[in-house]
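*Asks:* Quick one, structure for this:
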Amino acid sequence: MSDENALQTQDEELEMLKEEDAMEIIQETLSEFLQSASVEAVYGVPIQDGDNLIIPAAEVLTVMGFGVGSGRGTGFSKETESEEDESDEISEGSGSGGGGGGRVLSRPAAVIISTPEGVRVEPVVDVTKLGLAALTAAGFMVGMLVRMMNPRNALKDI
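*Replies:* Here you go, the predicted structure:
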């Protein structure tokens, strides 16, 4: 086996190891994200208070994305430094990369209350978000009203 073949074999083995490592990292990441969407993440630990059982519930949103890439190239390039000296070179290239990211968002959504009289669900209301939504809607309506009253935006007479 020549030195060139030995180097090529080593490069192929290293590339295979890198791909296996990348797949292992992706599988670990996916399993962690799937754990965030488990029942334990949505429903809290039940609390017993006499005859009443209280179960907190949450809304969980998991977003994830990732990508991997690889490249390889060999070619024959002809570079001319001067008119007299022309050198032929074999160019080789290789590359790989990857990246990813994600986020898990959760917020309290409701409380499930079980009593001897029955079961009821009490929603958790976020007053701050409601107030911000009302201010945003009011600001939009005032802006549109001002815009509609502007004479430059009025229809011209036919």
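
*Asks:* show me where the protein has strands.
*Replies:* Here the chain has its strands, by DSSP state E, at 47-49, 52-80, 86-115, 118-123.

*Asks:* Paired strands for the first one, with orientation please.
*Replies:* Pointing back at strand 47-49 there. If you go by DSSP bridges, strand 47-49 pairs up with strand 52-80 (antiparallel).

*Asks:* Specify the angle between the strand it pairs with and strand 118-123 in degrees.
*Replies:* Strand 52-80 runs at 40 degrees relative to strand 118-123, counting by axes from the mean of the first three to the mean of the last three CA atoms, to 10 degrees.

*Asks:* Buried residues, strand 52-80. List them.
*Replies:* Of the residues in strand 52-80, 54-57, 62 count as buried by neighbour count, 16 or more other CB atoms under 10 Å. Any C-beta I mention is one placed from the backbone N, CA and C, and that applies to glycine too.

*Asks:* Could I get the strands of the chain in a markdown table, plus columns for distance to residue 21 and mean pLDDT?
*Replies:* Shown next, in a markdown table, are the strands of the chain (distance: least, CB to CB, whole Å; pLDDT from 0 to 100):
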| stretch | distance to residue 21 | mean pLDDT |
| --- | --- | --- |
| strand 47-49 | 44 | 91 |
| strand 52-80 | 11 | 77 |
| strand 86-115 | 10 | 77 |
| strand 118-123 | 46 | 94 |
